[in-house]
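Trainee: Sharing a model prediction with you, sequence too.
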Amino acid sequence: MKTIIYSPGDPAGIGPDLFLSLLNEDFFRFIKANVVCIGDQKLFASRAKELGYSFEISTITDINYVNEKVGCLEIMKCPDISSGRLNSINSEYVIKNLDFGIDSCMKSKGLGLVTGPISKENIVEGGYSFSGHTERIMEKTNSDDVLMLLASERLKVALATTHMPLNKVSESITTDLIINKVKILNQELKSKFNIEKPKISLLGLNPHAGEGGKLGKEEIEIIIPAVKELIASNVDVSMPLSADTAFNKNLLDKLMHILLCIMTKDFQC
């Protein structure tokens, strides 16, 4: 990867601050790729002053010709550069920055995209239909399906569902959904993480993974049939485990360190 594009998210949030903090700590010299931050330079200069950082950065005009280690590319001016105060007038600014990053990555295999925090509520109030980065990337790339993966060297957690109300989660879980998500995870672990034979632990939906049907039938009626079909197709996946205790340190040491769980709210399983 030759260039990482950073879309810092909402200008009122921590996204711009994170970039400036890493810039101030000279973090970017430790990574091999160049970094291009998408955004209004006036915003970054104002925020740097607010944080007590010096701010000097090269201006990039073409994402395909990045000769500096770190640069800034401005797509449009930010209407409101205030920190800590959401303003729906910034919705277009946020979406255009994100879409530019997605579109650029689709055009070149040498680019990667990192995204900062976005207020979904604020974007919707600005007149856009938006439920999350994952869904936006899926829409822009015309993908049939998508899988969110939280990854570290030790642990990788994939989410079977994304951003939806809690009362919609159960009805969204189907045998086909579980099969598709596990197959995506299995394939991407091979191709992107060089894991030759992935072993996937699947977490249940209900407390105690349904307790044999006493605390919910989804494991018996939906998830276990999916597991059986996956095993028959040579995917190494477990029967549904209790999500209540799956992230206990002692249990994690015994598990396969690759889990698929059902998302109930942002980054919690």
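Mentor: Okay, I see it.

Trainee: ok, residue 55 to residue 67 distance?
Mentor: The spacing between residue 55 and residue 67, counted by Cβ to Cβ, to the nearest Å, is 20 Å. Every C-beta, even on glycine, is put in place using the N, C-alpha and C of the backbone.

Trainee: Report the contact partners of residue 40.
Mentor: Listed by Cβ atoms under 8 Å, 6 or more residues apart in numbering, the contact set of residue 40 reads 11, 74, 76, 77, 78, 81, 93.

Trainee: Strands of the stretch 1-150 of the chain, residue ranges please.
Mentor: Listed in chain order, the strands found in the stretch 1-150 of the chain under DSSP state E, counting those that start in this stretch are 3-7, 34-38, 58-59, 70-73, 111-115, 148-151.

Trainee: mind exporting the fifth one as PDB, just the C-alpha atoms?
Mentor: The one in question is strand 111-115. In PDB, the C-alpha atoms belonging to strand 111-115 read as follows (Å, rounded to 0.1, in the frame of the first residue of the first chain):
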ATOM      1  CA  LEU A 111      -4.700   3.100  -1.600                       C
ATOM      2  CA  GLY A 112      -6.200   2.400   1.700                       C
ATOM      3  CA  LEU A 113      -8.900   4.200   3.700                       C
ATOM      4  CA  VAL A 114      -9.100   5.000   7.500                       C
ATOM      5  CA  THR A 115     -12.200   6.700   8.800                       C
END
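
Trainee: I figured residue 105 hits residue 5, correct?
Mentor: Yes: contact status for residue 105 versus residue 5: in contact at 7.0 Å, counting by Cβ atoms under 8 Å.

Trainee: quick one: common contacting residues for these two?
Mentor: What both residue 105 and residue 5 touch, as defined by Cβ under 8 Å, 6+ apart, is the set 111, 112, 113.

Trainee: what's the burial count for residue 59?
Mentor: 10 (other Cβ atoms under 10 Å).

Trainee: Same question for residue 14.
Mentor: 15.

Trainee: Okay, now stretch 7-15: how far is its last residue from its first?
Mentor: 8 Å (Cα to Cα, to the nearest Å).
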